[in-house]
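Novice: Here's a sequence, model it:
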Amino acid sequence: MASQQTKLSPGMAHLSAQIEYNQSVADQISESSEHHKRVLQALQQWQRARLDATYADLRSSDRYHAACEFFLDELYGGRDVAARDRQLTKAAPVMRRFLPDDLLAAVGDALRLQAMSLAFDFKLAGLLIEAEVIDQPGYAEAYRRDQNWAGRREQLTLIFELGQLLGETVQHAMVHRLIRMMRAPAKLAGFGLLQAFLQEGLDAFSKMGAPDLFLETIHTREQQALEAMQAGDLYPFQAWIGQGPEPILIGQARR
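Specialist: Numbering: from 1, shown residues only. Below is the predicted model of the structure:
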């Protein structure tokens with residue numbers, strides 16, 4: 001087993017490790033109580049509404065809309081991607097043969113960000129287990145109880161670094177064309193969701209062009225909100241969305 005690991009490229013080794021991490025987070029959630037899952041659903045529903053409102057200016061831009069959909073919804077906002085990740089486990093050997101190592105590393109970073117975000121949400125849901133609603137004050141208080149400031153800052157750093165890596169990768173036209181050409185074969189092989197995920201990310205960054213303003217906007221706002229929560233602010237997102245979004249009743253959460 002160890003000798004096989006040494007044969008993996010850095011990008012593939014990173015991707016393989018993140019596949020395992022994703023699965024461990026998924027298993028933890030699957031084994032949790034039904035009420036914990038309902039709280040998680042409510043939390044993620046509220047968080048997606050919060051992200052929609054916080055970045056309404058970016059979403060309304062033709063240049064940044066697709067990148068918002070990919071980054072904020074797919075990787076950071078708690079979307080259910082279990083089916084895609086199951087495909088990824090099967091597709092990894094194929095990806096190793098056909099995709100460049102830097103793109104494999106980017107996929108690994110995307111999985112790491114998604115799994116990290118989901119793990120943080122799951123823990124936060126545990127801290128909100130007795131709550132009746134999810135709202136800004138309760139969300140901020142759960143952050144303070146969690147005290148995971150270093151982990152949250154690492155999450156923001158990963159967003160920035162992954163965005164830069166995708167911005168660099170999309171400059172290689174051959175890679176972008178290769179992903180597009182894989183659409184029909186991937187669908188026939190049962191990897192259609194995974195191919196669509198890769199194409200969506202590359203298309204978004206290709207359309208956006210230089211990602212600096214997009215990434216800096218996300219990093220700055222999330223960092224400011226994090227500092228506000230750490231300082232005890234009840235409404236850490238007030239600068240962008242006032243006291244919204246509307247509270248979510250735990251029992252009425254929906255996917």
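Novice: can you pull out the helices in the stretch 151-255 of the chain?
Specialist: In the stretch 151-255 of the chain, the helices defined using DSSP state H, counting those that start in this stretch lie at 173-181, 183-188, 192-208, 212-230, 238-241.
Novice: Now do the same for the fourth one: mean pLDDT, whole number.
Specialist: Averaging pLDDT along helix 212-230 yields 97.
Novice: And the last one, by the same measure?
Specialist: Regarding helix 238-241, the rounded mean pLDDT is 98.
Novice: List the contacts of that helix.
Specialist: The contact list for helix 238-241, computed with Cβ atoms under 8 Å, 6 or more residues apart in numbering, reads 50, 53-54, 136, 221, 224. The C-beta positions use only the backbone N, C-alpha and C, and glycine is treated the same way.
Novice: Can you give the distance of stretch 156-164 from its chain's centre?
Specialist: Its chain's C-alpha centre and that of stretch 156-164 lie 11 Å apart, by Cα atoms, centre = their mean, to the nearest Å.
Novice: make that stretch 156-174, sorry
Specialist: Averaging C-alpha positions (Cα atoms, centre = their mean) puts stretch 156-174 14 Å from its chain's average.
Novice: List the buried residues in it.
Specialist: 156, 158-159, 162-163, 165-167, 169-170 (16 or more other Cβ atoms under 10 Å).
Novice: And for stretch 25-35?
Specialist: 25-26, 29.
Novice: Those residues into a markdown table, with extra columns for secondary structure, distance to residue 112 and pLDDT?
Specialist: Shown next, in a markdown table, are the buried residues of stretch 25-35 (DSSP: H, G, I helix; E, B strand; the rest coil; distance: Cβ to Cβ, whole Å; pLDDT from 0 to 100):
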| residue | secondary structure | distance to residue 112 | pLDDT |
| --- | --- | --- | --- |
| 25 | helix | 11 | 90 |
| 26 | helix | 14 | 88 |
| 29 | helix | 17 | 92 |
